[in-house]
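Trainee: Structure for this input, please:
(one chain, ligands or ions: 1)
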Amino acid sequence: MSRLLYILCLLLSFQFSYSQSGSFDDVIEEVSFVSDNIYMIASVGGPIAGNIGVFVSDDGLIVIDDQYEINEEKILNALSEISNLPIKLIINTHFHHDHSDGNKAFGKLNIPIYAHKNVRKRLSRNSVLYGSNRLIEKYPNEALPSLTYSSLMSLYESDEEIQLYNFGKGHTDGDTVIFFKNSNVIHAGDTFVTYGYPYIDLNNGGSFEGFLNILNMIISLSDSDTKIIPGHGPICDINDVIKFRDIVREHFNKTVQGYKNGDSVNDIISSIESSFEGERTKEDFVKAIIFDLENN
Ligand SMILES: [Zn+2]
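Mentor: Residues are numbered from 1 along each chain as shown. Now for the predicted structure:
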């Protein structure tokens, strides 16, 4: 990338991050009880930020995703509402900075960071997100995951078995779905969200077919009692994921069919009966599916 283009991207990404809603000064970190020793911390009032999951083990906190470096103090305050134990380790659900920028703060404290191997790969270089000018600048060494895995890793903590799954390409090519087997809680990262049309990062290994596969895997891990923490939004259950999967699946199947038939984008859009409310439109979503079919 040329120097000028790089600076332009930086400027645009700066503008984008502040256009979401409030500023970082307005952020309030809200703690919710999920189940047993598991809590959720949601950032409200500021720029969009991923839900943090917290597991309280006997000797420390296991923290899933860490939002932004600038939120460090507010995150630590929210954690102290849950427990006085120190952070033992952090898991990144994927590399997007609204879930992993906090690595820059917590990595400096020498807290181990676990993630799929492609998170480390993507954070080791500059990345531009699909469909936006959002640039994620490469992270300093101390903010990179210090332990990576490929498809499945289990952590045995206190009485809990914490399973980290990568089901292949989906939201990105380094998504981790975390299943707390004994507590029956899932943290889905951005493979499941409640803000309307989901975002698939086609510049960074995302795939619509893979995204649907991950949703099916989450459904098969779950039963009617499973609590599911989405990447963004309130605590959900299997029925919310099924509804979400069905809408994404209808869009995907009808777009694939229409694309094969040579139908126009408008024809494809009008053939799809379901829809999501939210900022992203049905047209954006259908066009992204077509981009995926043409390029991947
Ligand atoms: Zn994301």
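Trainee: Get me the contact residues on the chain for the ion.
Mentor: 96, 190 (C-beta under 5 Å from the ion). C-beta here means a position set from N, CA and C on the backbone, and glycine is covered the same way.
Trainee: could you pull out the strands for the chain?
Mentor: 28-35, 38-44, 52-57, 60-64, 87-91, 113-116, 127-128, 135-136, 147-149, 152-157, 160-165, 177-180, 185-187, 227-229 (DSSP state E).
Trainee: Can you add mean neighbour count, mean pLDDT and distance to residue 201 and give those strands back as CSV?
Mentor: As requested, those are arranged in CSV below (neighbours: other C-beta atoms under 10 Å; pLDDT from 0 to 100; distance: least, C-beta to C-beta, whole Å):
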stretch, mean neighbour count, mean pLDDT, distance to residue 201
strand 28-35, 15, 96, 25
strand 38-44, 21, 97, 20
strand 52-57, 23, 98, 20
strand 60-64, 22, 98, 19
strand 87-91, 21, 98, 19
strand 113-116, 26, 98, 14
strand 127-128, 20, 96, 9
strand 135-136, 20, 90, 10
strand 147-149, 16, 98, 19
strand 152-157, 14, 98, 22
strand 160-165, 19, 98, 19
strand 177-180, 24, 98, 16
strand 185-187, 28, 98, 19
strand 227-229, 25, 98, 20
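Trainee: out of those, which comes closest to residue 283?
Mentor: Proximity to residue 283, assessed across the strands of the chain by C-beta to C-beta, is greatest for strand 127-128 (22.1 Å).
Trainee: got a list of contacts for the closest one?
Mentor: 9, 95, 134, 135, 136, 203, 204 (C-beta atoms under 8 Å, 6 or more residues apart in numbering).
Trainee: how close does the residue nearest to residue 271 when sequence neighbours are not counted get to the ion?
Mentor: The spatially closest residue to residue 271, leaving aside those adjacent along the chain, is residue 254, at 5.1 Å (C-beta to C-beta, 6 or more residues apart in numbering). In this view, residue 254 and the ion are 25 Å apart by C-beta to the ion, to the nearest Å.
Trainee: Find the residue at the geometric middle of the protein.
Mentor: Centroid-nearest residue in the chain, with C-alpha atoms, centre = their mean: residue 190, separated by 2.8 Å.
Trainee: Pretty sure that residue sits against residue 95.
Mentor: No - counting by C-beta atoms under 8 Å, residue 190 does not reach residue 95; the two are 10.6 Å apart.
Trainee: so what sits against both of the two?
Mentor: With C-beta under 8 Å, 6+ apart, residue 190 and residue 95 have common neighbours residue 172.
Trainee: Which of the contacts of strand 127-128 lies at the shortest distance from the ion?
Mentor: residue 95 (8.2 Å; C-beta to the ion).
Trainee: who's in contact with that closest one?
Mentor: 115, 118, 119, 122, 123, 127, 136, 172, 174, 204.
Trainee: bridging residues for the first one?
Mentor: Beta bridges link residue 115 to residue 148 when assigned by DSSP bridges.
Trainee: Find the residue closest to residue 50 in space, skipping its chain neighbours.
Mentor: Per C-beta to C-beta, 6+ apart, closest to residue 50 is residue 99, 3.8 Å.
Trainee: What's the local residue count around the closest residue to residue 29 other than its chain neighbours?
Mentor: Once flanking residues are discounted, residue 29 sits nearest to residue 78: 3.9 Å by C-beta to C-beta, 6+ apart. Residues contacting residue 78 under the criterion other C-beta atoms under 10 Å number 20.
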